[in-house]
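J.: Can you look at this prediction? I've put the sequence above it.
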Amino acid sequence: MRDRLRHPVLIVLLLAGLAAALGLSFVTQAPNRLLSGVGVPLAEVVGVGAHRAWALAPVLLLVAAAFCTPAAAPTRWLTLLGATGSLAGFTWLAGTHASALLSDELPLSRTSLGGAYWALAVLCGLAAAEALRGWSSRAVLSLAGSACVAVPVIALVWHGDLDTLSLLKEYDNRQDVFDAALQRHLLLVFATLVPTVLIGGPLGVLAVRRPSVQPALLSALNLIQTVPSIALFALLMAPLAAMAAQWPTLARWGVSGIGVAPAVTALTLYSLLPIVRSTMAGLGQIAPGVLDAARGMGMTRGQIFWRVEVPLAWPVWLSGLRVSTVQTLGLAMVSALIGAGGFGAVMFQGLLSSAVDLVLLGVVPVVALAAVTDALFKVLAQWTTQGTR
C-alpha cells in the first residue's frame, strides 16, 4: 500500500538533486572573469551561518509530497510550493554567499553559479512541471502556476540580492548590449515567422489540394532540414551579395551577403517544414462527411475553406507554428556568426573570451523566451479552440 502511494517521479528528482548537491560545486569563486574558479559545495555555503539552513526548508515539502498520492490535489500543491520555495532558497543562498565573499582586496573577483545550482534549478522546474501536469487541460492555470515559480527569483533580482553574482555583473556591465541583442533577436524571429506563414500555409493547402505535389514538396523541405544551419547560412551569402551588387535597390533595403537578410532567409527555409506539415495534417484530418454537409448547405468553396476547414485545422496548424517559433528562437543564435546579431553574438563573444557567465547571459534569455513562447501558444490554442466550439 505504501509503495502504491509513493510518488516515483519526485523520488527520482530528489535523488538526482542529492547527487548534484553532493557531487558538484554550488558556486565557484574566481579572482577575475577570465580565470577558472574554485568550486564551493552546497554544504559549505549552508554551513557558513545557521540561518542559511532555513533556505533548504522547502525541500522538506518535496520530500513529504514524494510519499503522498501523486494524483491528489494536495500533493500537487505541496509539490508546487516545494519546488517554488526550493528554487528561491537555492538562488538566495547563491546570492548571499556571493555577497559574503565580496572583498575590497579583490575588486575583480567573481562568484559564479556552479553546476549544482543549475542542476537543482532544472530539477525544481521539473518538479513544478510535474505538479502542473494535472492542470494541463486548463492552460491559463498552468501558465499562472509556471509564472509563480519564477516570481520569487525575479523578486530577488529586483531587490538586488543577486547583484554580486557574476552573471548579474555581466548584465550590469553590458545592459545596452543586452537590450540591443534582445531587440535584434526578436526582430529575427518575427521577420522569419511572417514569410514562413505566408509561404508555408499556401504550400500546405496546395499539397492537400494536389496530392501529386506532396512527394516533391516534402522531399525538398526535408532536404533543407538535413543541411547544417551554419552551412546554409554560408551558402546564402554569395547569392545575396551578388543580388545586392546587381540591384542596388536591394542593398538600400538591407539585403547583403551578411547580416539579417541571409539569416532570415535561412531561418525561413528551416521553419517551412513544420508549418507545411501541420497545415497538411490539420486539413487532412477533416472528415469528408463534414465537407459534404457544408456543400449540401450551399456553401461556396471559399466559404467552406474559411468557415469549416480553417477552424477545424486551426489547433493542429497552431501547434506547427509553435514548433517553428521555438525552433527559430534557438537557430537564431547561430545566425550571429554571419553578423545577424541577437543573443548569439553575446554567447559567441563569451566563448571567444572564455567567459562562462557571458555565455550564460546570451543563452539563459533564449531558454526563457522559448519556455514563455511555448506556454503562451498553449494558452492561445486553448482559448481559440474554445471559441470555435
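T.: Looks like it arrived, so ask away.
J.: distance of His159 from Arg209?
T.: Per CB to CB, to the nearest Å, His159 is found 58 Å from Arg209. (C-beta placed from N, C-alpha, C; glycine too.)
J.: next one: Thr265
T.: Per CB to CB, Thr265 is found 27 Å from Arg209.
J.: Please, which helix or strand holds the closest residue to Gly342 other than its chain neighbours?
T.: In this structure, Gly342 finds its nearest non-sequential neighbour in His185, 3.8 Å apart by CB to CB, 6 or more residues apart in numbering. His185 is part of helix 175-209, with elements assigned from DSSP states H and E.
J.: average pLDDT for that helix?
T.: Mean pLDDT, computed over helix 175-209, is 94.
J.: rewinding a little: so Thr265 and Arg209 - more neighbours on which side?
T.: Neighbours per residue, other CB atoms under 10 Å: of Thr265 and Arg209, the larger number sits with Thr265, 19 against 9.
J.: before we move on, back to that, list the contacts of the residue nearest to Gly342.
T.: His185 makes contact with Leu329, Ala332, Gly341, Gly342, Phe343, Gly344, Pro365, Val366, Leu369 under the criterion CB atoms under 8 Å, 6 or more residues apart in numbering.
J.: Would you check the residues you listed and say which has the weakest pLDDT?
T.: Lowest confidence among the contacts of His185: Gly341, with 88.
J.: nearest spatial neighbour of that residue, skipping sequence neighbours?
T.: Using CB to CB, 6+ apart and skipping the chain neighbours, the partner closest in space to Gly341 is Arg184 (4.0 Å).
J.: ok, now how distant is that neighbour from Ala98?
T.: In terms of CB to CB, Arg184 sits 30 Å off from Ala98.
J.: Then Leu361?
T.: From Leu361 to Ala98 the distance is 16 Å (CB to CB).
J.: Turn the contacts of His185 into a markdown table, columns for distance to Asp179.
T.: Listed next are the contacts of His185 as a markdown table, based on distance: CB to CB, whole Å:
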| residue | distance to Asp179 |
| --- | --- |
| Leu329 | 17 |
| Ala332 | 16 |
| Gly341 | 12 |
| Gly342 | 12 |
| Phe343 | 11 |
| Gly344 | 16 |
| Pro365 | 11 |
| Val366 | 15 |
| Leu369 | 14 |
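J.: residues contacting Gly95?
T.: Leu156, Asp161, Leu162, Asp163, Thr164, Leu165 are the contacts of Gly95 under CB under 8 Å, 6+ apart.
J.: and it, what element?
T.: Using DSSP H and E, Gly95 maps to helix 73-101.
J.: neighbouring contacts of the helix or strand just after that helix?
T.: Downstream of helix 73-101, the next assigned helix or strand under DSSP H and E is strand 110-113. Contacts of strand 110-113 with the rest of the structure, by CB under 8 Å, 6+ apart, involve 27-33, 37, 94, 97-98, 101, 164-167, 169, 356-357, 360.
J.: ok so, going back, wait, isn't the residue nearest to Gly341 in contact with Gly339?
T.: No: contact between Arg184 and Gly339 fails when scored by CB atoms under 8 Å: they sit 10.7 Å apart.
J.: Who has more neighbours out of these two?
T.: It is Arg184, of Arg184 and Gly339, that has more neighbours when counted by other CB under 10 Å, with 21 against 15.
J.: what's the spacing between the more buried one and Leu240?
T.: 18 Å.
J.: for Val290, same thing?
T.: 45 Å.
J.: Which one's more surrounded, these two?
T.: Leu240 (19 against 12).
J.: What helix or strand is the more buried one located in?
T.: Element membership for Leu240 (DSSP H and E) is helix 229-246.
J.: Flag every buried residue along the next helix or strand after that helix.
T.: With elements assigned by DSSP H and E, the helix or strand that comes after helix 229-246 is helix 248-252. For helix 248-252, the buried set under the neighbour-count rule, 16 or more other CB atoms under 10 Å, comprises Ala251.
J.: quick one: buried residues of the next helix-or-strand element following helix 248-252?
T.: Using DSSP H and E, the helix or strand that directly follows helix 248-252 along the chain is helix 260-284. Across helix 260-284, burial judged by 16+ other CB under 10 Å covers 260-283.
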